[in-house]
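>>> Provide a 3D model corresponding to the input given below.
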Amino acid sequence: MFALIGMLIGVQDPGAIIPISTLNAAANLFGSMMELQNQHTEKTNWTAPVHGCVAGFIPWAVIMLSFESAVDSGSSNPGPPAFVYAIGPTPLDLCSLLAINRVLQYKKIGQWEDSL
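Numbers count the residues shown, from 1 in each chain. Okay, the predicted model is just below:
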(Lines give C-alpha, C1' and ligand atoms only; values in the text may rest on other atoms or scores of the structure.)
Protein backbone atom coordinates (compact mmCIF):
# COMPACT_ATOMS: atom_id res chain seq x y z
CA MET A 1 0.00 0.00 0.00
CA PHE A 2 2.79 2.42 0.88
CA ALA A 3 4.48 1.77 -2.47
CA LEU A 4 1.21 2.57 -4.27
CA ILE A 5 0.76 5.75 -2.27
CA GLY A 6 4.34 6.69 -3.11
CA MET A 7 3.74 6.02 -6.80
CA LEU A 8 0.58 8.14 -6.79
CA ILE A 9 2.49 10.96 -5.15
CA GLY A 10 5.36 10.74 -7.62
CA VAL A 11 7.93 8.19 -6.45
CA GLN A 12 8.95 6.44 -9.67
CA ASP A 13 12.40 5.03 -8.98
CA PRO A 14 12.40 1.28 -8.21
CA GLY A 15 15.41 2.01 -5.98
CA ALA A 16 13.00 3.98 -3.76
CA ILE A 17 9.84 1.88 -4.17
CA ILE A 18 11.47 -1.40 -3.09
CA PRO A 19 12.91 0.03 0.18
CA ILE A 20 9.56 1.71 0.93
CA SER A 21 7.83 -1.67 0.68
CA THR A 22 10.56 -3.46 2.62
CA LEU A 23 10.67 -0.96 5.46
CA ASN A 24 6.88 -0.96 5.70
CA ALA A 25 6.93 -4.75 5.99
CA ALA A 26 9.71 -4.53 8.60
CA ALA A 27 7.65 -2.07 10.68
CA ASN A 28 4.71 -4.50 10.60
CA LEU A 29 6.96 -7.40 11.56
CA PHE A 30 8.36 -5.44 14.50
CA GLY A 31 4.77 -4.96 15.68
CA SER A 32 4.15 -8.69 15.48
CA MET A 33 7.41 -9.32 17.30
CA MET A 34 6.26 -7.05 20.14
CA GLU A 35 3.05 -9.02 20.48
CA LEU A 36 5.00 -12.28 20.70
CA GLN A 37 7.64 -10.92 23.10
CA ASN A 38 5.14 -9.48 25.54
CA GLN A 39 2.53 -12.22 25.43
CA HIS A 40 3.39 -13.74 28.81
CA THR A 41 5.47 -11.07 30.53
CA GLU A 42 4.72 -8.67 33.35
CA LYS A 43 7.03 -5.91 32.12
CA THR A 44 6.53 -4.69 28.55
CA ASN A 45 9.57 -4.71 26.27
CA TRP A 46 9.36 -1.64 24.00
CA THR A 47 12.45 -2.38 21.89
CA ALA A 48 10.59 -3.86 18.91
CA PRO A 49 8.04 -1.04 18.54
CA VAL A 50 10.75 1.61 18.79
CA HIS A 51 12.63 -0.08 15.95
CA GLY A 52 9.33 -0.43 14.09
CA CYS A 53 8.68 3.30 14.41
CA VAL A 54 12.12 4.07 12.99
CA ALA A 55 11.56 1.63 10.11
CA GLY A 56 8.06 3.04 9.54
CA PHE A 57 9.17 6.68 9.57
CA ILE A 58 11.58 6.35 6.65
CA PRO A 59 8.96 5.44 3.99
CA TRP A 60 6.81 8.35 5.15
CA ALA A 61 9.78 10.71 4.90
CA VAL A 62 10.47 9.59 1.32
CA ILE A 63 6.80 9.85 0.36
CA MET A 64 6.35 13.31 1.90
CA LEU A 65 9.58 14.61 0.32
CA SER A 66 8.40 13.33 -3.06
CA PHE A 67 5.00 14.91 -2.49
CA GLU A 68 6.59 18.24 -1.62
CA SER A 69 8.76 18.17 -4.74
CA ALA A 70 5.74 17.20 -6.89
CA VAL A 71 3.75 20.14 -5.54
CA ASP A 72 6.65 22.59 -5.94
CA SER A 73 7.61 21.39 -9.43
CA GLY A 74 6.44 24.55 -11.15
CA SER A 75 4.01 25.36 -13.93
CA SER A 76 5.35 22.80 -16.40
CA ASN A 77 4.05 19.95 -14.25
CA PRO A 78 0.48 20.15 -12.93
CA GLY A 79 1.43 18.21 -9.79
CA PRO A 80 -0.47 15.37 -8.17
CA PRO A 81 -4.24 14.97 -8.65
CA ALA A 82 -6.50 16.45 -6.00
CA PHE A 83 -7.41 13.11 -4.37
CA VAL A 84 -3.72 12.49 -3.58
CA TYR A 85 -3.85 15.34 -1.07
CA ALA A 86 -6.16 13.15 1.04
CA ILE A 87 -4.39 9.86 0.32
CA GLY A 88 -1.10 11.05 1.80
CA PRO A 89 -2.13 12.12 5.31
CA THR A 90 -4.90 9.56 5.87
CA PRO A 91 -2.72 6.42 6.15
CA LEU A 92 -0.15 8.41 8.13
CA ASP A 93 -2.86 9.33 10.63
CA LEU A 94 -4.10 5.74 10.80
CA CYS A 95 -0.59 4.38 11.36
CA SER A 96 -0.06 6.93 14.12
CA LEU A 97 -3.36 5.94 15.74
CA LEU A 98 -2.27 2.30 15.67
CA ALA A 99 0.90 3.20 17.59
CA ILE A 100 -1.10 5.28 20.10
CA ASN A 101 -3.58 2.42 20.52
CA ARG A 102 -0.74 -0.02 21.25
CA VAL A 103 0.77 2.28 23.89
CA LEU A 104 -2.61 2.74 25.57
CA GLN A 105 -3.23 -1.01 25.47
CA TYR A 106 0.08 -2.01 27.02
CA LYS A 107 0.03 0.78 29.61
CA LYS A 108 -3.61 -0.11 30.42
CA ILE A 109 -4.94 3.42 30.13
CA GLY A 110 -8.64 4.23 29.78
CA GLN A 111 -10.82 1.58 28.16
CA TRP A 112 -7.75 -0.67 27.80
CA GLU A 113 -7.52 -1.15 31.60
CA ASP A 114 -8.96 -4.67 31.43
CA SER A 115 -7.17 -5.77 28.26
CA LEU A 116 -4.28 -8.23 28.04
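>>> can you tell me what sits against the least confident helix or strand in the chain by mean pLDDT?
None of the helices or strands of the chain scores lower by mean pLDDT, DSSP states H and E than helix 84-87, at a mean of 78. Contacts to helix 84-87, defined as CB atoms under 8 Å, 6 or more residues apart in numbering, come from residues 5, 8-9, 67. The way it works is simple: take the backbone N, C-alpha and C, and place the C-beta from them, glycine included.
>>> mind listing which of the residues you listed are in helices?
Among these, DSSP state H puts 5, 8-9, 67 in helices.
>>> hang on, the earlier thing: in CSV: the contacts of helix 84-87, plus neighbour count and distance to Ile20.
Compiled in CSV, the contacts of helix 84-87 are given as follows (neighbours: other CB atoms under 10 Å; distance: CB to CB, whole Å):
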residue, neighbour count, distance to Ile20
Ile5, 22, 9
Leu8, 17, 12
Ile9, 23, 11
Phe67, 23, 13
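>>> show me where pLDDT drops low in this protein?
Where the chain drops to pLDDT under 70, the residues are 73-77, 79, 115-116.
>>> how about the helices in it?
Going by DSSP H, the chain shows helices at 2-9, 14-37, 47-71, 84-87, 89-107.
>>> highest average neighbour count across those helices?
Most buried of the helices of the chain, by mean neighbour count (mean count of other CB atoms under 10 Å): helix 2-9, with a mean of 20.
>>> and it, what does it pack onto?
helix 14-37, helix 47-71, helix 84-87 (3 or more CB pairs under 8 Å, 6 or more residues apart in numbering; DSSP states H and E).
>>> what's the closest of the helices of the chain to Pro78?
Ranking the helices of the chain by proximity to Pro78 (CB to CB) places helix 47-71 first, at 9.6 Å.
>>> contacts for the closest one, please.
With contact meaning CB under 8 Å, 6+ apart, helix 47-71 is reached by 2, 5-6, 9-11, 16, 19-20, 23-24, 26-31, 33-34, 37, 77, 79-80, 84, 88, 92, 95, 99, 102.
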